[in-house]
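A.B. asks: Would you be able to build a 3D model of this:
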Amino acid sequence: MLFPSDAQKVQVEGATVDFYKWKEGDTTYYGFDTSKLGPPEPMVNAMAGLKLVDNPSVKLVMVNHKMPMGLLNKIGENFQIEKEELPDGRVRLIFGYKEGESEKADLSDSHCHG
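C.D. replies: The predicted model follows:
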C-alpha cells in the first residue's frame with residue numbers, strides 16, 4: 001500500500017493524476033503516484049503538489065518509477081527531500097518545507113529539462 005488506507009482522494013489544481021491526503025499526528029500529507037507514467041507527468045504533478053507544501057506541517061509524497069533528476073535539479077535546494085528505494089525498484093520521495101527556501105522555488109515551470 002503506497003498511501004494509508006484512510007487517505008482521501010483530493011483535487012489538486014494542475015494535477016493529471018489522483019492525489020491523496022491524510023494526517024499523521026500534526027502533519028498533513030499529500031501523495032501521488034506517477035510510477036507508470038513518463039515525462040512530463042512526474043514533473044507536472046510534482047510542481048502542482050509542491051505548491052501545497054507551504055509550511056512545516058505539510059509534506060508531499062511522490063512515488064515514481066525512477067529518481068526524478070530533472071525535478072531534483074530544479075527544486076532540490078528549496079525543499080527538504082527524503083529519498084527511499086522501494087523493494088520493487090520504484091522510488092518514494094517525501095518533500096518538506098524548508099524555511100526561507102521553499103518560497104523561492106519556481107513552481108510555475110513544469111517542463112522537464114533532463
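A.B. asks: C-alpha only now, for contacts and for neighbours.
C.D. replies: OK.
A.B. asks: Go through the helix or strand of the chain with the lowest mean pLDDT and flag the buried ones.
C.D. replies: Here the helix or strand of the chain ranked lowest by mean pLDDT, DSSP states H and E is helix 69-75, holding a mean of 94. With burial defined by 16 or more other CA atoms under 10 Å, the residues of helix 69-75 counted as buried are 71, 74-75.
A.B. asks: and if you look at stretch 50-69?
C.D. replies: 50-53, 58-65, 67-68.
A.B. asks: Now that stretch - C-alpha only, CSV.
C.D. replies: As requested, the backbone C-alpha atoms of stretch 50-69 are provided in CSV (Å, rounded to 0.1, in the frame of the first residue of the first chain):
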residue,chain,number,x,y,z
LEU,A,50,4.7,21.2,-4.2
LYS,A,51,2.5,24.3,-4.2
LEU,A,52,0.7,22.7,-1.2
VAL,A,53,3.9,22.5,0.8
ASP,A,54,3.7,26.0,2.2
ASN,A,55,4.6,25.4,5.9
PRO,A,56,6.4,22.8,8.1
SER,A,57,3.3,20.8,8.9
VAL,A,58,2.7,19.8,5.2
LYS,A,59,4.6,17.2,3.2
LEU,A,60,4.3,15.8,-0.3
VAL,A,61,4.9,12.1,-1.1
MET,A,62,5.8,11.2,-4.7
VAL,A,63,6.1,7.7,-6.0
ASN,A,64,7.9,7.4,-9.3
HIS,A,65,9.5,4.7,-11.5
LYS,A,66,13.0,6.2,-11.0
MET,A,67,14.7,9.2,-9.3
PRO,A,68,13.3,12.3,-11.0
MET,A,69,16.6,14.0,-11.6
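A.B. asks: from the middle of its chain, how far away would that stretch be?
C.D. replies: 2 Å (CA atoms, centre = their mean, to the nearest Å).
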